[in-house]
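1. Here's my sequence, what's the structure:
(chains A and B)
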Amino acid sequence: MTVATQIDDVSFAHSGGDTRALKRVSLSVQAGEIVALLGPSGAGKTTFLTLLDGRLRDWRGRVSVFGAPLDPDHPPPRARRPDTGFVFQEFALVERSTVLRNVLNGRLGRMSPLRAVLGSPTAHDRRVARDALADCGIADLAHRRVDSLSGGQRQRVAIARCLAQEPRLILADEPVSSLDPTRAAEILALLTESARARGATVLFSSHQPDLARRFAQRIVGLRAGRIAFDVPTSELSEAATADLYRDVAQMPEIGLRAVT
Amino acid sequence: MRTRGFGSFAAATLVAGAILWSFATTDVEMARLVSAGPRIADFLGRMFPPDPTIMDEILKGSAETLRIAVLGTLGAVLLSVPLGLLASETMAAPAFFRPIRTLLAIIRAVPLILVAMLMVGAVGLGPLPGIIAIAFHATGMLAKFYAEAIDGVSRAPLAALESAGAGPLARLRYAIWPQMAPVVARDTIFRFELNLRESLILGIVGAGGIGFYIQTYVRSFQYDKAASVTLAVVAMVIAIEGVNVWLRRRFS
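-> Below you'll find the model as predicted:
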């Protein structure tokens, strides 16, 4: 089996020295796996995913994505960046552009730099974008401006943009935490099913244990920058989950936000 | 808290001091202010009725002022696009944007009328020195606005395009430009309005436009003609403001 990403002894500290740091994290994810990264706010989930996406500097340890090492001092070469797709919590769409334009933006890394700047996607680029829109159920919204869409529709656009990249590894940072429960389940189903259909690996973070159980085969618990557990979904115990939120549960306001 | 209390006390003292100093050292004779009433009435009397026979001069002068403002704004936009990019934190390295910002601050500090006088000396009378002066002066503000528009965009879509592998120019075109376009349109229209107002007075120093007629008629005591020119100027400014409001509504 191919290894999608291999992480060995990775540590990172923000210059501010706040939480969200990573402490000696090691993890191996096989190609095609769907893994949930579970943990309370501030556990380091976003930091970890941003690092894997090649957008973090000055960390220590060894990371490789599909056999190619990540360099803590330099961003990954342009040609390799589309291999890793990223879905953002707050969608990160260009609000004044159309849905189709946003999805085509996912193709920019697959085009030659000149073609990208001139804005002339090939017929293949357009077809991939159209397919991604259709898979996400928003083909009819292609020419709408993003700022006229609802939250659930926006995250569909963001997933379509990510799929248009033709990524082999999809990183999703709290992709549904700004959506209502029904919408959240719909979006996670869409993300995991379309990834499965494409043979892509998924690593999504969530602070909601029920969503992690429902959509992941494997759950990695992250607590204060360390891996607390790493188990197949069927083996996740209530006690392990409760332990993950032990500290935040003692602080009522944060605890409420973390488990609702 | 103590330092803050002292700070406001010091500021209040400074303001009071500045006002007292200005009064004490300037010849403010209240008697002159009182006797000015009849004289102002006399001026206004001589301005009425405005002389409508100089329509040709008014149209010629207004058209030239408008041309100076349009071409001066065009020049400022052409200069501000590269300078704005170089002055933005998002697109340029600190080694570029810091000195460029200082340069823009210096340009803004040079009064327009001074630039216009220097340009009249350099290239002679007419609209050309006015256009150059406006382009130069407006660039100090417009390039700064453009840089702020670039730096004011939401960072998340930029990160998304970076993650997808888009290069810096593709990011500028597809993540930054769509976000900053309405700001750029608004700032440019605003600057055009300022340029038009400021170019009205350029004629006084010989740099072309309707200001030339204001100066001529006031100096030769033809107040009725000066009144006609003034009315034309007011009408022009109001018209441009109207167009400005309409354009701003369209670009949002």
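2. So B:Arg197 sits against B:Val237, correct?
-> Yes - B:Arg197 is within contact range of B:Val237, at 6.3 Å (criterion: CB atoms under 8 Å). C-betas here are computed from N, CA, C, even on glycine.
3. what about stretch B:186-201 and chain A, touching?
-> No - residues of stretch B:186-201 contacting chain A under CB under 8 Å from any CB of the partner chain: none, with a closest distance of 13.8 Å.
4. how near is the closest residue to A:Thr201 other than its chain neighbours to chain B?
-> Nearest residue to A:Thr201 in three dimensions, chain neighbours excluded: A:Ala4, at 3.9 Å (CB to CB, 6 or more residues apart in numbering or on different chains). As defined by CB to the nearest CB, to the nearest Å, A:Ala4 lies at a distance of 17 Å from chain B.
5. Please enumerate residues in contact with the helix or strand harbouring A:Ala4?
-> For A:Ala4, the host element (DSSP states H and E) is strand A:3-12. Under the criterion CB atoms under 8 Å, 6 or more residues apart in numbering or on different chains, residues A:21-33, A:47, A:51-52, A:56, A:58-67, A:168-169, A:201, A:203 lie in contact with strand A:3-12.
6. from the residues you listed, which ones fall inside helices?
-> Using DSSP state H, the members of the contacts of strand A:3-12 that fall in helices are A:47, A:51-52.
7. On the three-state scheme, the nearest residue to B:Thr65 once chain neighbours are set aside is what?
-> Distances taken as CB to CB, 6+ apart put B:Gly209 closest to B:Thr65, at 3.7 Å, once the chain neighbours are dropped. Classification of B:Gly209 using DSSP: H, G, I helix; E, B strand; the rest coil returns coil.
8. Hmm, B:Gly209 is touching B:Ser199, no?
-> Yes - under the criterion of CB under 8 Å, B:Gly209 makes contact with B:Ser199 at 5.5 Å.
9. Would you mind grabbing the residues shared as contacts by those two?
-> By CB under 8 Å, 6+ apart, the residues touching both B:Gly209 and B:Ser199 are B:65, B:68, B:130.
10. would TSV of these with distance to A:Pro232 and pLDDT be doable?
-> Below are these laid out as TSV (distance: CB to CB, whole Å; pLDDT from 0 to 100):
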residue	distance to A:Pro232	pLDDT
B:Thr65	78	91
B:Ile68	75	93
B:Gly130	77	92
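11. Right, and chain A sits closest to which residue of chain B?
-> Among all residues of chain B, B:Gly165 sits closest to chain A, at 2.1 Å; criterion: CB to the nearest CB.
12. Run a quick neighbour tally on that residue.
-> 27 (other CB atoms under 10 Å in any protein chain shown).
13. Provide a list of residues in contact with the residue nearest to it when sequence neighbours are not counted.
-> Nearest non-adjacent residue to B:Gly165, counting by CB to CB, 6+ apart: A:Gly109, 2.1 Å away. A:Gly109 is in contact with A:78, A:81-82, A:116, A:165, B:164-166, counting by CB under 8 Å, 6+ apart.
14. Over to B:Gly126?
-> B:206-208.
15. how about a cut-off of 7 Å?
-> Contacts for B:Gly126 (CB atoms under 7 Å, 6 or more residues apart in numbering or on different chains) come out as B:Gly208.
16. re earlier: which of the contacts of strand A:3-12 are buried, as a ChimeraX select command?
-> Listed next is the ChimeraX selection for buried residues among these, using 16 or more other CB atoms under 10 Å in any protein chain shown:
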select /A:21,22,25,27,29,32,33,47,51,52,56,59,61,63,65,66,168,169,201,203
